[in-house]
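In: below is the sequence, then the predicted model.
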Amino acid sequence: MGIRAAHWDDWSLEGLLGQKMALGQRVSLVVPARNEAATVGAVVTRVREALMDTVALVDEIVVIDSDSVDDTFAVAESAGARVHRSAEIRPDLGTHPGKGEAMWKSLFVTSGELVVFMDADLHDWDTHFVPGLLGPLLSSPEVQLVKGFYDRPGAEGPLEGGRVTELVARPLIALLFPELGGLVQPLAGEWAVRRSWFAGLSVPTGYAVELAALIDTVRAGGVEALAQVDLGVRAHRHQALRDLGGMATQILAAALARVDVDGPEVSRLAGARTSTTGGEAVLRQFLRGLEPVEHVVPIIERPPAKDLL
């Protein structure tokens with residue numbers, strides 16, 4: 001059985017509202033943001049008007065501001081979101097600025113049983129992203145985490161919008177976690193998860209939160225715990241190629257931290273070099289002695305929030 005896939009319009013808005021009411025569940029939209037004053041207001045306003053003011057699918061919109069130095073906080077608040085500075089949420093736990101940190105800390109200031117995450121820097125998108133992501137969670141109790149996927153064009157062509165996905169995430173998945181190979185956009189910032197499930201996951205504080213959540217979910221719940229939904233087209237601000245090294249390093253580090261040195265991942269990786277005599281044993285020995293990479297990019301993982309809530 002592969003990862004189930006659906007299209008955003010497989011569910012009607014009325015049907016989702018009925019399922020939400022029948023289940024008695026609240027929905028929290030969380031928008032992690034850092035210096036996104038130019039776009040976060042439109043994200044909040046459009047979702048609030050379409051899915052809170054017009055219908056009651058979303059119960060709260062919460063922006064987690066991760067040390068912005070622009071007007072992100074004020075813009076998001078004016079647009080109707082409840083805004084929290086990440087560093088000020090549970091200060092007793094310390095702070096480690098980053099996307100994953102903002103998402104992890106959102107669990108301390110939200111109330112929804114279902115949590116939808118959206119990036120703050122969206123340009124080409126629509127509010128159907130939210131009900132599309134909620135569809136599998138409201139209709140299939142075995143599904144714990146839903147990933148969005150979409151056409152993601154860039155200025156120079158269709159693949160320019162997903163360079164780290166194509167050059168880092170896909171090779172990692174192919175070699176180490178092939179059960180995730182059916183995912184179209186493993187690093188998508190638009191995804192939804194059951195609060196109780198996310199609270200049980202270890203969360204990297206930086207860019208690796210999406211891949212780490214997928215690996216941990218499929219290991220704990222199997223592929224039936226995952227779903228993906230075609231959301232159409234998505235575009236956002238793209239970073240310069242030279243700025244993507246830190247993101248790639250964090251994703252690599254989080255993935256390698258989840259490799260069972262004595263498990264099948266190493267066998268598959270060693271099998272990619274079939275001409276190497278004793279390659280599997282050598283690789284296992286290498287991984288056991290692998291030095292941490294904190295000197296390159298700080299790699300910090302937050303423990304499951306369920307133990308701290």
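Out: Nice, thanks for sending it over.

In: from Ala192, how far out is Glu113?
Out: Separation of Glu113 from Ala192 (C-beta to C-beta, to the nearest Å) stands at 11 Å. Any C-beta I mention is one placed from the backbone N, CA and C, and that applies to glycine too.

In: quick one, strands of the protein?
Out: 4-7, 27-33, 60-65, 82-85, 114-117, 122-124, 145-151, 191-194, 203-204, 226-233, 235-236, 301-302 (DSSP state E).

In: I'd like those strands written out as CSV, with mean neighbour count and mean pLDDT added.
Out: Output for these, formatted as CSV (neighbours: other C-beta atoms under 10 Å; pLDDT from 0 to 100):
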stretch, mean neighbour count, mean pLDDT
strand 4-7, 16, 96
strand 27-33, 27, 97
strand 60-65, 25, 98
strand 82-85, 18, 98
strand 114-117, 26, 98
strand 122-124, 15, 79
strand 145-151, 23, 92
strand 191-194, 25, 98
strand 203-204, 28, 96
strand 226-233, 21, 94
strand 235-236, 17, 58
strand 301-302, 20, 94
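
In: any chance of these in a markdown table with distance to Asp216 as columns?
Out: Shown next, in a markdown table, are the strands of the chain (distance: least, C-beta to C-beta, whole Å):
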| stretch | distance to Asp216 |
| --- | --- |
| strand 4-7 | 19 |
| strand 27-33 | 19 |
| strand 60-65 | 21 |
| strand 82-85 | 25 |
| strand 114-117 | 16 |
| strand 122-124 | 26 |
| strand 145-151 | 9 |
| strand 191-194 | 11 |
| strand 203-204 | 9 |
| strand 226-233 | 11 |
| strand 235-236 | 25 |
| strand 301-302 | 11 |
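
In: which one of those strands lies closest to Leu107?
Out: strand 114-117 (7.8 Å; C-beta to C-beta).

In: which strands and helices sit next to that closest one?
Out: Contact analysis of strand 114-117 by 3 or more C-beta pairs under 8 Å, 6 or more residues apart in numbering; DSSP states H and E lists strand 27-33, helix 129-139, strand 191-194, helix 195-198 as its packing neighbours.

In: need the ones you listed in CSV (columns: distance to Gly18).
Out: Formatted as CSV, those follow (distance: least, C-beta to C-beta, whole Å):
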stretch, distance to Gly18
strand 27-33, 14
helix 129-139, 9
strand 191-194, 18
helix 195-198, 21
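
In: out of those, which is closest to His123?
Out: Per C-beta to C-beta, nearest to His123 of the helices and strands packed on strand 114-117: helix 129-139, 13.0 Å.
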